[in-house]
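>>> Build me a structure from this.
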Amino acid sequence: MAETNNILSWTLLSECPIPDDVTPLLVGNEKPIAAYKTLRDSAVFTNKRLIVRDAQGITGKKVELYSLPYSSIYMWSSENAGTVDINAEVELWTRAGHIKVKLRKGIDIRKFDKIIANALLL
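Numbers count the residues shown, from 1 in each chain. Take a look at the predicted model:
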């Protein structure tokens with residue numbers, strides 16, 4: 001079982017079209033549901049997992065790929081952005097550790113709740 005020493009954190013900036021290059025990563029009956037821009041790349045929610053692509057280096061040609069199966073999530077919480085807050089937050093407690101996803105204003109936090117709930121509870 002993987003361990004993360006620090007809290008893993010991603011910031012999602014806005015919803016975007018599902019990137020074409022995610023298709024080769026999908027397995028069996030896996031289907032993309034929603035995609036979001038990150039600082040340098042994208043995060044794609046499928047019906048089975050969260051895939052986060054993180055371009056690295058000056059050119060961005062080196063890409064780190066995170067794949068979080070929903071089956072590894074034990075619990076989640078969500079907090080909408082208030083009047084002063086600029087980000088809403090979703091926290092995931094997983095077998096790999098604690099993950100925090102920050103959502104910029106304009107991203108529907110309840111859509112996230114529904115994606116996670118559909119994946120875990122149905």
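>>> Return the set of residues that bridge with residue 88.
Following DSSP bridges, residue 88 is listed with bridge partners residue 103.
>>> Also residue 36?
residue 15, residue 43.
>>> And residue 54, by the same measure?
Beta-bridge partners recorded for residue 54 (DSSP bridges): residue 64.
>>> where exactly do the helices run in the chain?
Assigned by DSSP state H, the helices in the chain fall at 109-121.
>>> need the strands for it, in chain order.
Using DSSP state E, the strands of the chain run over 8-12, 14-16, 32-37, 42-46, 49-56, 62-69, 73-79, 87-94, 97-104.
>>> Nearest to residue 117, out of those?
With Cβ to Cβ as the criterion, residue 117 lies closest to strand 73-79 of those, at 8.7 Å. (Glycine included, C-beta is placed from N, CA and C.)
>>> and the direction of that closest one versus that of strand 87-94, what angle?
170 degrees (axes from the mean of the first three to the mean of the last three Cα atoms, to 10 degrees).
>>> picking up where we left off before, would you mind giving the strands of the chain as JSON lines with distance to residue 24 and mean neighbour count added?
JSON lines is the format used below for the strands of the chain (distance: least, Cβ to Cβ, whole Å; neighbours: other Cβ atoms under 10 Å):
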{"stretch": "strand 8-12", "distance to residue 24": "22", "mean neighbour count": "17"}
{"stretch": "strand 14-16", "distance to residue 24": "18", "mean neighbour count": "14"}
{"stretch": "strand 32-37", "distance to residue 24": "12", "mean neighbour count": "17"}
{"stretch": "strand 42-46", "distance to residue 24": "12", "mean neighbour count": "22"}
{"stretch": "strand 49-56", "distance to residue 24": "11", "mean neighbour count": "18"}
{"stretch": "strand 62-69", "distance to residue 24": "11", "mean neighbour count": "13"}
{"stretch": "strand 73-79", "distance to residue 24": "25", "mean neighbour count": "13"}
{"stretch": "strand 87-94", "distance to residue 24": "25", "mean neighbour count": "18"}
{"stretch": "strand 97-104", "distance to residue 24": "24", "mean neighbour count": "18"}
